[in-house]
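> Need the 3D shape of this:
(one chain, ligands or ions: 1)
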Amino acid sequence: MNMPTPSQTYEAIVIGGGIAGTAIIKSLKNNNLNNFLVIDSGNLPAQGTSGHDGALCHPYIGRGASRLQRLSMIAFNEAKQVWANYWSGCGVLHLARNAENHDKNLMSERLLTQGFSFQNAQVVSADEARILCGVPLAGTFFPEGGWVDLKQICRDLFSELSDQQVRMSSTVAKIAYRDKHWFVYDKAQKLLGVAPRLFLASGLGVKSLAASTAIDLPLKPVRGQLSTFKYKKESSWAKSRPSVALSGKAYCLPPVELKDGSYRWMVGSSYDENEEDLNVWQKSHEENLSLIQEMLGNECDPLEIEPVDAFVGIRCVANDRLPIMGPVRGYPGLYILTSLGSRGVMWSALAHQMFTEHLAEEMRHSAFLDARFFAGARLAGLGLSDDLVSALLPARFLAGASNSKPILPSA
Ligand SMILES: Cc1cc2nc3c(=O)[nH]c(=O)nc-3n(C[C@H](O)[C@H](O)[C@H](O)COP(=O)(O)OP(=O)(O)OC[C@H]3O[C@@H](n4cnc5c(N)ncnc54)[C@H](O)[C@@H]3O)c2cc1C
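Have a look, this model is predicted:
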């Protein structure tokens, strides 16, 4: 093993230049930890799953106040602030699962018990949705919901970094802890950098890097394809014109009218577990089309629409479907941010706020505080209780000193 030179030694190293890595870099900068290195395999940031320019964001609604529901409400509010400069849209209509039995009163009461208000979550009938959202589909309207360009967020942040802070086109193959420092190596065993703090933010790539230091994380790939369709203004599709984003079995952004009078329409996203193929699949276009057609009531002609573009990405998903974020208990200076699943916008924003607070707390104590993830008084005041923070920590998958038996949370 070669010894580090002073120019290879940093205050922190971040592996991954997607939205997770970007959120962490913002937290380091907030704490004046500017001597960091970010490493990514791509020749530009956000060439992985964060190459998405229309990622939707609205709080999750379920039957009860589950951990996911409570976390998503907090994270949604953080996302609106953290990614405010990249926020587009004027609301999201989340369609009722069973439109025929859509009981407005019951649903409104349920939302109130889950902490929503009439201002931020409006239960609407089909007639009300026609006026409010441009489509006659019953559901819950989130007026503050929207979508963001993840790729642009990453690229803008990287454009502010110096050459010394960024190392692109480098793939990390192994990490090791020695002399109170984390050593980061490429495939040829070449040392890429050394730091007391190491952040693993490489999506699904976190699994093998964590394994290289004996941490077993139950992560799996879920391939997703987003389709951009085109249709003419005379087509049956043009009759249905959502003015807001729709989310349900599929999701779509409002169609964009082009100069020639045709429309471009982003519709997603297929969900193929344990698939990692980045090629565009015709069958995923067909699946997206069939789901959106079903959502809109099967009145449009599939022959009058065609796919013209696609975005394919591999989501990283933990087996309890929650994100993994925070310090790793028993591994001083090691932190993880991954498993953002289909909610990269909101989980990255929540992580950014929490890492900012946690690093500040560590610096106040001049110590690594790996047993807890400090959320700070403001987030605690917004309902980020200890049980919710524990549900995010990597420690939920670590059983004592041995990682062979993951402890799965009940939610
Ligand atoms: C089709 C589709 C639709 C989606 N829609 C939405 C949506 O509507 N709303 C939403 O919030 N989210 C959505 N998501 C999810 C969102 O895109 C992801 O959660 C998010 O982009 C994940 O970001 P990340 O930084 O964790 O991973 P990535 O963006 O994949 O970044 C990981 C980075 O690590 C690098 N890397 C990997 N391994 C190594 C290594 N060994 N060494 C160096 N670098 C490495 C990669 O090059 C990559 O740049 C969607 C995802 C897909 C696929």
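
> what about the longest helix along the chain and the ligand, touching?
Scanning the chain for the longest helix, with DSSP state H as the assignment, gives helix 344-365. Yes. For helix 344-365, a contact with the ligand is found by C-beta under 6 Å from any ligand atom, at 344-345. The way it works is simple: take the backbone N, C-alpha and C, and place the C-beta from them, glycine included.

> Could I get the CA-only coordinates of that helix as PDB?
Written as PDB, here are the backbone C-alpha positions of helix 344-365 (Å, rounded to 0.1, in the frame of the first residue of the first chain):
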ATOM      1  CA  GLY A 344     -34.300  11.400  -4.600                       C
ATOM      2  CA  VAL A 345     -35.600  15.000  -4.400                       C
ATOM      3  CA  MET A 346     -37.000  14.900  -0.900                       C
ATOM      4  CA  TRP A 347     -34.500  12.400   0.700                       C
ATOM      5  CA  SER A 348     -31.500  14.300  -0.600                       C
ATOM      6  CA  ALA A 349     -32.900  17.600   0.800                       C
ATOM      7  CA  LEU A 350     -33.600  16.000   4.200                       C
ATOM      8  CA  ALA A 351     -30.100  14.500   4.200                       C
ATOM      9  CA  HIS A 352     -28.500  17.800   3.400                       C
ATOM     10  CA  GLN A 353     -30.100  19.500   6.400                       C
ATOM     11  CA  MET A 354     -29.300  16.600   8.700                       C
ATOM     12  CA  PHE A 355     -25.700  16.300   7.600                       C
ATOM     13  CA  THR A 356     -25.300  20.100   8.000                       C
ATOM     14  CA  GLU A 357     -26.500  19.800  11.600                       C
ATOM     15  CA  HIS A 358     -24.600  16.600  12.400                       C
ATOM     16  CA  LEU A 359     -21.300  17.900  11.200                       C
ATOM     17  CA  ALA A 360     -21.700  21.100  13.100                       C
ATOM     18  CA  GLU A 361     -22.400  19.000  16.300                       C
ATOM     19  CA  GLU A 362     -19.300  16.900  15.700                       C
ATOM     20  CA  MET A 363     -17.200  19.900  15.200                       C
ATOM     21  CA  ARG A 364     -18.500  21.400  18.400                       C
ATOM     22  CA  HIS A 365     -17.500  18.200  20.200                       C
END
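
> buried stuff in it?
Of the residues in helix 344-365, those buried by neighbour count under the rule 16 or more other C-beta atoms under 10 Å are 344-362.

> ok now it, how far from the chain's centre?
Remark: helix 344-365 is offset 15 Å from the chain centroid, using C-alpha atoms, centre = their mean, to the nearest Å.

> what helices or strands is that helix leaning on?
Judged by 3 or more C-beta pairs under 8 Å, 6 or more residues apart in numbering; DSSP states H and E, the packing partners of helix 344-365 are helix 19-30, strand 55-57, helix 67-82, strand 324-327, strand 334-338, helix 376-381.

> And the second one, what does it pack against?
It refers to strand 55-57. Judged by 3+ C-beta pairs under 8 Å, 6+ apart, strand 55-57 is in contact with helix 67-82, strand 146-148, helix 344-365.

> at 10 Å instead, please
Taking 3 or more C-beta pairs under 10 Å, 6 or more residues apart in numbering; DSSP states H and E as the contact definition, the neighbouring helices and strands of strand 55-57 are helix 67-82, strand 92-95, strand 146-148, helix 150-159, strand 245-247, strand 263-268, helix 344-365.

> Next, format those as TSV and append mean pLDDT.
Conversion of the helices and strands packed on strand 55-57 to TSV gives the following (pLDDT from 0 to 100):
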stretch	mean pLDDT
helix 67-82	95
strand 92-95	96
strand 146-148	97
helix 150-159	98
strand 245-247	96
strand 263-268	96
helix 344-365	98
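
> and of those, who's closest to residue 217?
Minimum separation from residue 217 across those (C-beta to C-beta) falls at helix 344-365, 15.7 Å.

> how many degrees apart are that closest one and strand 334-338 in direction?
With axes from the mean of the first three to the mean of the last three C-alpha atoms, to 10 degrees applied, the angle from helix 344-365 to strand 334-338 works out at 170 degrees.

> How is this structure divided into domains?
6-50+152-218+321-397, 220-315 (automatic domain parsing).

> Setting the sequence-adjacent residues aside, check what's closest to the most centrally placed residue in the chain.
Nearest to the centroid of the C-alpha atoms of the chain, with distances taken as C-alpha atoms, centre = their mean, sits residue 344, at 0.8 Å. Distance criterion C-beta to C-beta, 6 or more residues apart in numbering; nearest residue to residue 344, sequence neighbours excluded, is residue 19 at 5.1 Å.

> for residue 59, same thing?
Excluding the flanking residues, the one nearest residue 59 by C-beta to C-beta, 6+ apart is residue 76, at 4.3 Å.

> cool, and residue 270?
Once flanking residues are discounted, residue 270 sits nearest to residue 284: 4.0 Å by C-beta to C-beta, 6+ apart.

> Ok, residue 206 next?
For residue 206, the closest residue by C-beta to C-beta, 6+ apart turns out to be residue 338, at 4.2 Å.

> can you tell me which residues contact that neighbour?
Contact analysis of residue 338 by C-beta atoms under 10 Å, 6 or more residues apart in numbering lists 16, 18, 20, 200-207, 209-210, 217, 219, 316-318, 323-325, 347, 351, 394.

> ok, it to residue 137 distance?
34 Å (C-beta to C-beta, to the nearest Å).

> Quick check: phi and psi at residue 124.
For residue 124, the backbone dihedrals (degrees, to the nearest 10) come out as phi -130, psi 150.

> The stretch 151-300 of the chain against the ligand: which residues are in contact?
Remark: the part of the stretch 151-300 of the chain in contact with the ligand comprises 171-172, 201-203, 205, 224-226, 268-269, using C-beta under 6 Å from any ligand atom.

> and with 8 Å instead?
With C-beta under 8 Å from any ligand atom as the criterion, the stretch 151-300 of the chain meets the ligand at residues 154, 170-173, 201-206, 208-209, 222-226, 251, 268-270.

> Please pick the buried ones from the residues you listed.
With neighbours counted using 16+ other C-beta under 10 Å, these contain these buried positions: 154, 170, 172-173, 201-206, 209, 222-226, 251, 268-270.

> By mean pLDDT, flag the weakest helix or strand of this structure.
For the chain, scoring each helix and strand by mean pLDDT, DSSP states H and E identifies helix 104-113 as the least confident one, at a mean of 89.

> for it, packing partners?
Judged by 3+ C-beta pairs under 10 Å, 6+ apart, the packing partners of helix 104-113 are strand 122-124, strand 139-142.
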